[in-house]
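Chemist: prediction below, plus the sequence it came from.
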Amino acid sequence: MADVLTELASLLRCPITGQRLHLATPEEFRSLESHNADGFLVREDGAAAYPVEKGIPSLLPESLISIVSAPLPIS
């Protein structure tokens, strides 16, 4: 199943930015575990991910999970 999803991920793009997506690495997956999905497709900039449930990615804009917050300004 992961092989099919890996191939599919190489074809998919973020519907918001058009960036490529990849399957979450183990480190990325650990940071997203609280979102209760089977897996995640992470945007190439690493700032956002989409959940995967039962092998089906949800690429709806409202499914977007932010990974990286904006840097804090230096005072």
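Modeler: Perfect, thanks for sending it. Keep in mind that what you see is a predicted model, and the values were worked out from it rather than measured. Numbering: from 1, shown residues only.
Chemist: which neighbouring elements make contact with the lowest-mean-pLDDT helix or strand in the chain?
Modeler: Scoring the helices and strands of the chain by mean pLDDT, DSSP states H and E places helix 2-11 at the bottom, with a mean of 78. Judged by 3 or more Cβ pairs under 8 Å, 6 or more residues apart in numbering; DSSP states H and E, helix 2-11 is in contact with strand 21-23, strand 56-57. C-beta here means a position set from N, CA and C on the backbone, and glycine is covered the same way.
Chemist: ok, and what's touching the last one?
Modeler: The contact list for strand 56-57, computed with Cβ atoms under 8 Å, 6 or more residues apart in numbering, reads 5, 8-9, 12, 21, 41, 50-51.
Chemist: with stretch 19-36 instead?
Modeler: Counting by Cβ under 8 Å, 6+ apart, 2, 5-6, 9-10, 12-14, 39-46, 49-51, 57, 65, 67 sit against stretch 19-36.
Chemist: returning to what we had before: please work out which of the helices and strands packed on helix 2-11 is packed deepest.
Modeler: strand 21-23 (a mean of 19; mean count of other Cβ atoms under 10 Å).
Chemist: what about it, distance to the chain center?
Modeler: Offset of strand 21-23 from its chain centre (Cα atoms, centre = their mean, to the nearest Å): 6 Å.
Chemist: after that strand comes which helix or strand?
Modeler: helix 26-32 (DSSP states H and E).
Chemist: next, the buried residues of that following helix.
Modeler: If you call a residue buried by 16 or more other Cβ atoms under 10 Å, then helix 26-32 has these buried ones: 29, 31-32.
Chemist: which neighbouring elements make contact with the next helix or strand after it?
Modeler: Once the chain leaves helix 26-32, the next helix or strand it forms, by DSSP H and E, is strand 39-43. Here strand 39-43 touches strand 21-23, helix 26-32, strand 48-53, going by 3+ Cβ pairs under 8 Å, 6+ apart.
Chemist: about what we covered before: now the helices and strands packed on helix 2-11 in CSV, with mean pLDDT?
Modeler: Shown next, in CSV, are those (pLDDT from 0 to 100):
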stretch, mean pLDDT
strand 21-23, 93
strand 56-57, 91
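Chemist: sounds good, over and out.
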